[in-house]
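Engineer: coords please:
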Amino acid sequence: MSRDQTLLALTVVGIAVGIFMLRQASGQSSAAEASAAAPTYASAPPPTPAASPLPENNASGIAFEITPRDRSADEREIINYAKSAPVSMLDSSLPHQSAGYWIPRAAGAYSRLRWEVNDCRTRRRYSDSIPLCAQANIEFTNGTRFEALVMVGSRPLDSAKPVKYVQPSLLWAFYKRPRGAVVPAPLGLLQRFGQEGN
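Structural biologist: Just a heads-up that it's a prediction; the model follows:
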């Protein structure tokens, strides 16, 4: 075997090993994911398998969204801006689908979803504005709650000026089981809770 043939054989073997390792790392071994037990600790988020895109025809498995009647036009605009953000921008393990599409489908049919607008749950103020977030609150039938806070921009203290939008980013997400601690979690973990509830 010539030197070039030996190098070619080693390269092919290296590529095959690399593809195998990438598949393992990206969570394509679904059998291992399905048998993973629920975490028993609250100090760190559990590992999240790479989420697959949710089917376009998954109409029957959508969370029931609660929309307050007194929601203002500004609040609707802010929430719609957050919903239009790709979830892959909020969590790199997620598909390139909008938050408004992915979140209710990941949560599943036996959950309730409510969006709200707030000041990012912080006392941080700038000289001329306050931070602005849209928060997705999901409740499951077993009493588990999942919340995700998406920063979308800032609101000027002068109410005559429009909201200044920025690229949406996930400030934090967490889940809380009944009588359990608040546990920080990646957004992708929502899909696991939705599968457990269905």
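Engineer: In the one helix or strand Phe174 maps to, which residues are buried?
Structural biologist: Using DSSP states H and E, the element containing Phe174 is strand 164-176. For strand 164-176, the neighbour count (16 or more other C-beta atoms under 10 Å) marks Pro168, Leu170, Trp172, Ala173, Phe174, Tyr175, Lys176 as buried. C-beta: built from backbone N, CA, C; applies to glycine.
Engineer: Over to stretch 121-136?
Structural biologist: Buried-residue list, stretch 121-136, by 16+ other C-beta under 10 Å: Ser129, Ile130, Pro131, Leu132, Cys133, Ala134, Gln135, Ala136.
Engineer: What helices and strands are in contact with the helix or strand hosting the fifth one?
Structural biologist: Using DSSP H and E, Cys133 falls within strand 129-140. For strand 129-140, the contact count by 3 or more C-beta pairs under 8 Å, 6 or more residues apart in numbering; DSSP states H and E identifies helix 73-83, helix 99-107, strand 111-118, strand 145-156, helix 189-197 as packing neighbours.
Engineer: Kindly calculate the angle that the strand holding Phe174 makes with helix 189-197.
Structural biologist: 40 degrees (axes from the mean of the first three to the mean of the last three C-alpha atoms, to 10 degrees).
Engineer: in its sheet, what does strand 164-176 sit against?
Structural biologist: Strand pairing for strand 164-176, determined by DSSP bridges: strand 145-156 (antiparallel), strand 182-184 (antiparallel).
Engineer: between those strands, which gets nearest to Phe64?
Structural biologist: Among those, strand 145-156 comes nearest to Phe64, with 14.6 Å by C-beta to C-beta.
Engineer: what angle sits between that closest one and helix 73-83?
Structural biologist: Going by the same axes, to 10 degrees, strand 145-156 makes 120 degrees with helix 73-83.
Engineer: helix or strand right after the helix or strand bottoming out on mean pLDDT in the chain?
Structural biologist: Least confident helix or strand of the chain, by mean pLDDT, DSSP states H and E, is helix 30-34 with a mean of 34. With elements assigned by DSSP H and E, the helix or strand that comes after helix 30-34 is strand 64-66.
Engineer: Give the pairing partners of that following strand; include direction for each.
Structural biologist: By DSSP bridges, strand 64-66 pairs with strand 111-118 (parallel).
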